[in-house]
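Asker: need a structure here:
(2 chains)
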Amino acid sequence: MPWNLDSDRPIFMQIVERMESDIVSGKYAPGEKIPSVRELAVEAAVNPNTMQKACAELERIGLVYSQRTNGRFVTEDRKLIDRTRKELAKSTAKEFLKKMKELGIDRDEAIELL
Amino acid sequence: MTMLLECKDLNHKYGKKTALEDISFCVESGKIIGIFGPNGCGKTTLIKKIVGLLQNENGSILIDGEPVGEKTKAMVSYSPDRPAFKGDRKVSDLLDFYELMYDDFDRVSAESAFAELGIKTDDHIGKMSKGTGEKVQIILVMSRKAKLYVLDEPFSGIDPVARETVIKIMLKNMSEDASLILSTHHIQETEQILDEAIFLKDGKLIFHKSVEELREESSHSLNEAYLEVFR
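Answerer: Numbers count the residues shown, from 1 in each chain, chains lettered A, B, ... in the order given. Purely as a prediction, here's the structure:
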C-alpha cells in the first residue's frame, strides 16, 4: 500500500514523521537495516529524490546512520529513540488539545474525557 | 546536476493551427516531470518532438547535449499514448523484439517484472485486458536502461489498482540518474512521485515548478494549483 500522505503539505516532512514513528514504534528495531531509498520510494509511491532527502534528514537527526556500502541502519541509541517518542507524543497531545479547543472543549474537560 | 533535456523556443503548427508556441524548459538528470493540460493543449505534440517523431523546424532540443536524432533515440525510451503492440503476438515475441532493437534492454529485469505481476511470456497481447496491455507496455519501456523515459498517457484506461502497479513499475525500474517525463490527466494519483510539473495551455507553457516547493510556499497540492489555473 502506498503511504497515506497529504498532497498539500511537503511530502518530505511527512516521510520524516512517518519514519520517526516507525522507528519509535519498533517497526524498524534499533540496529536494524532499513530498506534502500529506492525500495522505500517504491513502497511509499513517492518521488525517490524526496525519499533520499528524508533519509538524509533522519541521518542528520541521528535516528539512522549509514555504513558506506551497506546502507542505512536504525540507531542503537535508545535514549534518542525515547526522546523522539516523547517529542512525538507531546506534539500528538498538543494536536489533540487544539482539536478539542476547536470543538469548544477546554483542557480540563478534555482531560476528563480521557 | 547536469542538464539532460534542453528545449528552446519550440514552435509547431498543424496547417494554420498553432500547436506549440515558444516552449522553453530544461530537465535535470534524475528528475521526474509531469506534463499536464487540457486535451489539445500540445502535450502529445511536445512529446513527439522530444522523441523525434515530429520534425523540429525551429527552436532546438538537446538531449544529453545531442540534437534529436539517431543518437538521442538510443537514449530515450518512449511509450506512446496508444497501444504500441497489437495482433497475435506473445509477450515473448515482444521481449525478442526489444532485445533485438535496443542494446540497453534488460530482458532479465523485464521477465521478472512480468512474473511478479502474473503475466506469462506465452500470453497473447490481443487477448489481454486494456490494463494488462498497458502494464506490458510500461514494463518493456521501463526495462531499457535509458537516460530519458517519455511516457505519454501511461494509464489512460486502467483501474486504480493497476495504476498503482504501473507507478511502482516506473519507480522501481527507472535507471539511476535517468529522468522521466510523463503526460497524464491523473494529477492526484501522480503528484507525489513528481519533482516538477509543467502546465501547457493552448500550446504555451504557463507553469513550471517544483511540486514540493509549491506545497511549501502555498500549501497547495498540484491538483489545486491546476484547478486554479484552468478552472
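Asker: wait, doesn't B:Lys145 sit right on B:Ser175?
Answerer: Yes - if you go by Cβ atoms under 8 Å, B:Lys145 and B:Ser175 touch, sitting 4.6 Å apart. Quick note: C-beta positions are derived from backbone N, CA and C, even for glycine.
Asker: Shouldn't B:His208 be within a strand?
Answerer: Yes - counting by DSSP: H, G, I helix; E, B strand; the rest coil, one finds B:His208 located in a strand.
Asker: Skip the chain neighbours and tell me the closest residue to the residue in chain B that chain A sits nearest to.
Answerer: Nearest to chain A, among the residues of chain B, is B:Ser221, at 3.5 Å (Cβ to the nearest Cβ). Nearest residue to B:Ser221, sequence neighbours excluded (Cβ to Cβ, 6 or more residues apart in numbering or on different chains): A:Ser7, at 3.5 Å.
Asker: give the contact list for the one you found.
Answerer: By Cβ atoms under 8 Å, 6 or more residues apart in numbering or on different chains, the contact list for A:Ser7 reads B:Gln188, B:Glu191, B:Gln192, B:Arg215, B:Ser221, B:Leu222, B:Asn223.
Asker: try it again with 7 Å
Answerer: B:Gln188, B:Glu191, B:Gln192, B:Ser221, B:Leu222, B:Asn223 (Cβ atoms under 7 Å, 6 or more residues apart in numbering or on different chains).
Asker: Equivalent analysis for B:Glu134, please.
Answerer: Counting by Cβ under 7 Å, 6+ apart, B:Glu134 has contacts B:Pro154, B:Phe155, B:Ile158, B:Val166.
Asker: In what element of secondary structure is the residue minimising distance to the centre of chain B found?
Answerer: In chain B, the residue lying closest to the centroid (Cα atoms, centre = their mean) is B:Leu151, at 1.9 Å. Using DSSP states H and E, B:Leu151 maps to strand B:148-152.
Asker: gap between the closest residue to B:Pro83 other than its chain neighbours and B:Asp106?
Answerer: Excluding its sequence neighbours, the residue lying closest to B:Pro83 (Cβ to Cβ, 6+ apart) is B:Gly133, at 5.7 Å. In this view, B:Gly133 and B:Asp106 are 21 Å apart by Cβ to Cβ, to the nearest Å.
Asker: give me phi/psi at the closest residue to chain B within chain A?
Answerer: Chain A approaches chain B most closely through A:Ser7 (3.5 Å), counting by Cβ to the nearest Cβ. The phi/psi pair for A:Ser7 (degrees, to the nearest 10) reads phi -80, psi -10.
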